[in-house]
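# one predicted model, sequence on top.
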Amino acid sequence: MVAPETGSGSSLYSGTVTIPTYSSGGTYYLYDTTRGPSYIRTMTGNNGTSLPGSYITDSDNNFTSSAARAGVDAHYGQILTYDYFLNTHGRNSYNGSGANMTSTVHHRSGYNNAFWNGQQMVYGDGDGSTFGPLVELDIAAHELTHAVTEYTAGLVYQKESGALNESVSDIFAVMVDRDDWTLGENSYTPGTGGDALRSLSNPPAEGQPDHYDDRLYPGSCSPSQSNDYCGVHTNSGIPNKAAYLMAAGGTHNGVSVSSIGRNATERIWYRALANYFTSSTTFSAARAGTIQAATDLYGSGSSQVTAVTNAWAAVGVG
Ligand SMILES: CCCCC[C@H](S)C(=O)N[C@@H](Cc1ccccc1)C(=O)N[C@@H](C)C(=O)O
Ligand SMILES: [Ca+2]
Ligand SMILES: [Zn+2]
């Protein structure tokens, strides 16, 4: 007999959280059947490389063991991000039709990354110096957004389309983890306070460019893992800054942008991703796509279209 339950969990970064769980034979699982998909589940890789690994279980539906904490964070981030795409954008799971979702934590040993592998989300524990466990909310949202991108635009993970792919994941990550404009602030360099892996409000604060003229590999570049596919995690700072300016406003490189707020910004970027971006979309084409999306939603000559246009101009695109 299996039944949906409501459990609690001690997370690493979000305190104590209430989460749907499943019970079977007196054992509880990080397994949610209360949403669209048949299941949304979080597994453990037991510090190995096999996926999806094994279920994370608990005997009393209070997932408080230290081994379970990363799983509680990843599960919580997974369901919050599912809810975000459904409630804000009407999208049921990453494929739009309720695909099941799986996350696996404790992948490898001391692994300083998290990723979407085409089928599921995968999270490392970090080495304790560069990263703590990479399971905080904005990381889950970043990774699940890669799945959404894969099922919509399919932006190729290299050069400008790859930087845009990374940027789209960062933009929706800060829309889900809505209380700041930074990414990885809780898991990055646990020994250093006040920093983050990336900042959308001020990309250069964390080593990213915020203008097209400062992009990495402006000339020819042969994409490889060693050059981060021509700098996808660096050049994402440029569209990231544009999205920030749309939402929050500001004057950048002498160009003033009037704020249109987070709600209009996320709607514009989602419509552009789902309707206008393709596998080879460049920054310039992303400018055109977001202007078209803003026009569709708010009308030509609207303050939203003006802000989108000015935000791209402020980062030297268009
Ligand atoms: C394994 C191959 C590399 C995949 C890169 C994944 S999509 C990725 O971009 N991961 C994020 C994780 C993240 C997200 C938000 C905040 C903190 C960390 C990422 O940015 N990884 C960095 C460390 C990188 O790969 O350079
Ligand atoms: Ca954040
Ligand atoms: Zn990524």
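Perfect, thanks for sending it. Ligands and ions are numbered 1, 2, ... in the order given.
# can you pull the residues of the protein lying near ligand 2?
Where the chain comes near ligand 2, counting by C-beta under 5 Å from the ion, the residues are 138, 177, 180, 182. Using the backbone N, CA and C atoms, a C-beta is placed for each residue, glycine as well.
# who's in contact with the second one?
Going by C-beta atoms under 8 Å, 6 or more residues apart in numbering, residue 177 touches 136-138, 141.
# repeat that with 10 Å
Taking C-beta atoms under 10 Å, 6 or more residues apart in numbering, we find residue 177 in contact with 13-14, 77, 80-81, 84, 136-142, 183-186.
# quick check: phi and psi on it?
phi -90, psi 80 (degrees, to the nearest 10).
# next step: the contacts of residue 177 restricted to helices.
Using DSSP state H, 77, 80-81, 84, 137-142 are the members of these that sit in helices.
# these: which ones sit near ligand 1?
For ligand 1, the contacts drawn from the ones in helices among the contacts of residue 177 by C-beta under 6 Å from any ligand atom are 138-139, 142.
# before we move on, the earlier item: of all the ones in helices among the contacts of residue 177, which two lie farthest apart?
Distances among those were taken as C-beta to C-beta; the most separated pair is 84 and 139, at 14.2 Å.
# of the two, which one has the most company?
Using other C-beta atoms under 10 Å as the criterion, residue 84 and residue 139 rank with residue 139 on top: 29 against 20.
# quick revisit: just send the ones in helices among the contacts of residue 177 back as JSON lines, with pLDDT too.
Formatted as JSON lines, the ones in helices among the contacts of residue 177 follow (pLDDT from 0 to 100):
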{"residue": "77", "pLDDT": "98"}
{"residue": "80", "pLDDT": "98"}
{"residue": "81", "pLDDT": "98"}
{"residue": "84", "pLDDT": "99"}
{"residue": "137", "pLDDT": "98"}
{"residue": "138", "pLDDT": "98"}
{"residue": "139", "pLDDT": "98"}
{"residue": "140", "pLDDT": "98"}
{"residue": "141", "pLDDT": "99"}
{"residue": "142", "pLDDT": "99"}
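# residue numbers of this protein in contact with ligand 1?
Residues of the chain lying near ligand 1 (C-beta under 6 Å from any ligand atom): 113-115, 134, 138-139, 142, 146, 166, 183-184, 197, 233.
# the same query, at a cut-off of 8 Å, please.
Within reach of ligand 1 by C-beta under 8 Å from any ligand atom, the chain has these residues: 112-116, 131, 134, 136, 138-139, 142-143, 146, 166, 169-170, 173, 183-184, 187-188, 196-198, 225, 228, 232-233.
# those in helices, which ones?
In helices, judged by DSSP H, the following of these are found: 138-139, 142-143, 146, 166, 169-170, 173, 228, 232-233.
# for ligand 1, what's the nearest residue on this protein?
residue 184 (3.0 Å; C-beta to the nearest ligand atom).
# residues contacting residue 13?
69-70, 72-73, 76-77, 132-133, 135-139, 177, 185-187.
# and if we set it to 8 Å?
Residue 13 neighbours (C-beta under 8 Å, 6+ apart): 73, 135-137, 186-187.
# coming back round to it: how about the ones next to ligand 1 among the ones in helices among the contacts of residue 177 in a markdown table, adding distance to residue 161?
Converted to a markdown table, those look like this (distance: C-beta to C-beta, whole Å):
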| residue | distance to residue 161 |
| --- | --- |
| 138 | 22 |
| 139 | 22 |
| 142 | 17 |
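# name the nearest of the residues you listed relative to residue 32.
Closest approach between those and residue 32, by C-beta to C-beta: residue 139, at 18.9 Å.
# ok, what's across the strand from the residue nearest to that closest one when sequence neighbours are not counted?
Excluding its sequence neighbours, the residue lying closest to residue 139 (C-beta to C-beta, 6 or more residues apart in numbering) is residue 114, at 5.2 Å. Residues in a beta bridge with residue 114, per DSSP bridges, are residue 123.
# and residue 146, how many neighbours?
If we define neighbours as other C-beta under 10 Å, then residue 146 has 22 of them.
# apart from its chain neighbours, what residue comes closest to residue 183?
residue 198 (4.4 Å).
# ok, residue 141 next?
Using C-beta to C-beta, 6+ apart and skipping residues adjacent in sequence, the residue nearest residue 141 is residue 176, 3.7 Å away.
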